[in-house]
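Colleague: starting from these lines, generate the structure:
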Amino acid sequence: MAPTMVVSATNSWDITDFVVNQGHGVKGLSEMKLPSLPKQFIQPPEERIDASKVVCEECIPVIDMAGLDDPKVAELICDAAEKWGFFQVVNHGVPIGVLEDVKEATHRFFALPGEEKKKYSKENSNSNSVRFGTSFTPQAEKSLEWKDYLSLFYVSEDEASALWPSVCKDQALEYMKRSELVIRQLLDALMRRLNVKEIDEKKESLLMGSMRINLNYYPICPNPELTVGVGRHSDVSTLTVLLQDDIGGLYVKGVHDTWVHVPPIRGSLVINIGDALQIMSNGRYKSVEHRVIANGSSNRVSVPIFVNPRPSEVIGPLPELLEGGEEPLYKQVLYSDYVKHFFRKAHDGKNTVEFAKI
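Modeller: Have a look, this model is predicted:
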């Protein structure tokens, strides 16, 4: 049901309180069918996508994982990671029913009343592992992003069962569990090109020692051309495994400052390299800037799994690379410090990785 409270689009206190503090999110604003976008969400022109820079004839690679035994498939994965930093995988082994279930669970969570979702806000949540919010870092942003999210940090199945919202926890957990095999397959292929012969327990902690799943909701926007769903950024993960719905709206930075749309393919998963793997690969694999546009006609959901180092790990170029004589491009950084640096500021393209450069 749409909120009944009347909000003046010119009153910044009301908007912030309504969206952020009362738990209505931008979904609550969208359901009020405002005639125009509140000024708090209007992005400066340089942060809006320029249609003249969208390249329609290019697309990121689509890789069929069914033939993974063929060395050529591993080559395609590594080539895509080096050139694009993004690719889609099909026949990856995660059942389509699992993907559909987690998308439906995302819609169910965001259909809850504001007071119910607010229980999971930063101020009210029983755990730092469960966080409902709006935009990215509202306190640091000059302009808000048109997105609500539920972020779930995986500690253990017992904690997830106890603390994650009941309307979506089973589906989110199943999606994470079923994705683990393809994550390991991708990392195995990517590591072999970096002279890492085996992902042992130590390497596993470094590459995939922690995971977070986000349920993202992008409601219909009154003036989508004036704002963004997500601003320009690269992920801080090792890998991100993204499930899109069929609406579309994800754009990846191409060459010559262009932008390439990532079209939804039913049953596919979008894979992107995160900053942690760019650093560990000494720049060989690219963590690429990407963004999401707002939509004026459809509600969109997406569900990324962020595969991260354990927070206590120190990340830097892998010794297997440096042993071959490569000069390190990045210093050794405590991963939790890197993540804190990312979350204390607004989205700003690729600037976070500068934190680790020598």
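
Colleague: ranges for the strands of the stretch 51-200 of the chain?
Modeller: 62-64, 86-90, 130-134, 148-154 (DSSP state E, counting those that start in this stretch).

Colleague: tell me which element the residue nearest to the spatial centre of the chain falls in.
Modeller: Of all residues in the chain, the one closest to the mean position by Cα atoms, centre = their mean is P304, 5.0 Å from it. Secondary structure assignment for P304, by DSSP states H and E: strand 300-308.

Colleague: partners of that strand, with directions?
Modeller: Partners of strand 300-308 in the sheet, by DSSP bridges, are strand 210-218 (antiparallel), strand 239-244 (antiparallel).

Colleague: which neighbours does whichever helix or strand comes after that strand have in its sheet, and in what orientation?
Modeller: Following strand 300-308 in sequence order, the next helix or strand is strand 314-315 (DSSP H and E). With DSSP bridges as the test, strand 314-315 is paired with strand 333-334 (antiparallel).

Colleague: report the contact partners of R212.
Modeller: By Cβ atoms under 8 Å, 6 or more residues apart in numbering, the contact list for R212 reads 151-154, 305-306, 308. Any C-beta I mention is one placed from the backbone N, CA and C, and that applies to glycine too.

Colleague: what of I63?
Modeller: I63 sits next to 73, 76-77, 80, 87-90 when contact means Cβ under 8 Å, 6+ apart.

Colleague: ok, now how distant is it from A162?
Modeller: Remark: distance between I63 and A162 (Cβ to Cβ, to the nearest Å) = 37 Å.

Colleague: equivalent analysis for G283, please.
Modeller: 41 Å.

Colleague: and K103, by the same measure?
Modeller: From K103 to A162 the distance is 24 Å (Cβ to Cβ).

Colleague: still on that earlier bit, so which of the strands of the stretch 51-200 of the chain gets nearest E115?
Modeller: Nearest of the strands of the stretch 51-200 of the chain to E115, taken as Cβ to Cβ: strand 130-134 at 11.6 Å.

Colleague: now do the closest one and strand 148-154, the angle between them.
Modeller: 160 degrees (axes from the mean of the first three to the mean of the last three Cα atoms, to 10 degrees).

Colleague: export strand 130-134 as PDB, just CAs?
Modeller: C-alpha atoms of strand 130-134 as PDB (Å, rounded to 0.1, in the frame of the first residue of the first chain):
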ATOM      1  CA  VAL A 130      21.700  -7.100   8.300                       C
ATOM      2  CA  ARG A 131      21.200  -3.600   6.900                       C
ATOM      3  CA  PHE A 132      18.200  -2.000   5.100                       C
ATOM      4  CA  GLY A 133      18.900   1.300   3.500                       C
ATOM      5  CA  THR A 134      18.500   3.800   0.700                       C
END
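
Colleague: what's in contact with it?
Modeller: Outside strand 130-134, the residues touching it (Cβ under 8 Å, 6+ apart) are 19-20, 23, 25-26, 117-122, 125, 144, 147-153, 163-165.

Colleague: what about that strand, distance to the chain center?
Modeller: 14 Å (Cα atoms, centre = their mean, to the nearest Å).

Colleague: what does stretch 25-44 give?
Modeller: Here stretch 25-44 is found 22 Å from its chain centre; the criterion is Cα atoms, centre = their mean.

Colleague: pull out the buried residues from it.
Modeller: Residues of stretch 25-44 classed as buried: 25-30, 32, 37-38, 40-43 (neighbour count, 16 or more other Cβ atoms under 10 Å).

Colleague: and if you look at stretch 76-94?
Modeller: Applying a neighbour-count criterion of 16+ other Cβ under 10 Å, one finds 76-78, 80-82, 84-89, 92, 94 buried in stretch 76-94.

Colleague: quick one, what contacts D158?
Modeller: D158 makes no contacts at all, as judged by Cβ under 8 Å, 6+ apart.

Colleague: that older thread, per-residue pLDDT, the residue nearest to the centre of the chain?
Modeller: If you check P304, the pLDDT there is 97.

Colleague: report the beta-bridge partners for it.
Modeller: L242.

Colleague: from I60, how far out is it?
Modeller: Where I60 is concerned, P304 sits at a distance of 16 Å (Cβ to Cβ).

Colleague: got it, and N308?
Modeller: In terms of Cβ to Cβ, N308 sits 22 Å off from I60.

Colleague: ok, D246 touching R266?
Modeller: Yes. Applying Cβ atoms under 8 Å as the test, D246 and R266 come out as touching, 6.9 Å apart.

Colleague: any weak-confidence spans in the chain?
Modeller: 1-13, 135-142, 342-350 (pLDDT under 70).

Colleague: so where's the longest helix in it?
Modeller: helix 169-193 (DSSP state H).

Colleague: fine by me, we can end here.
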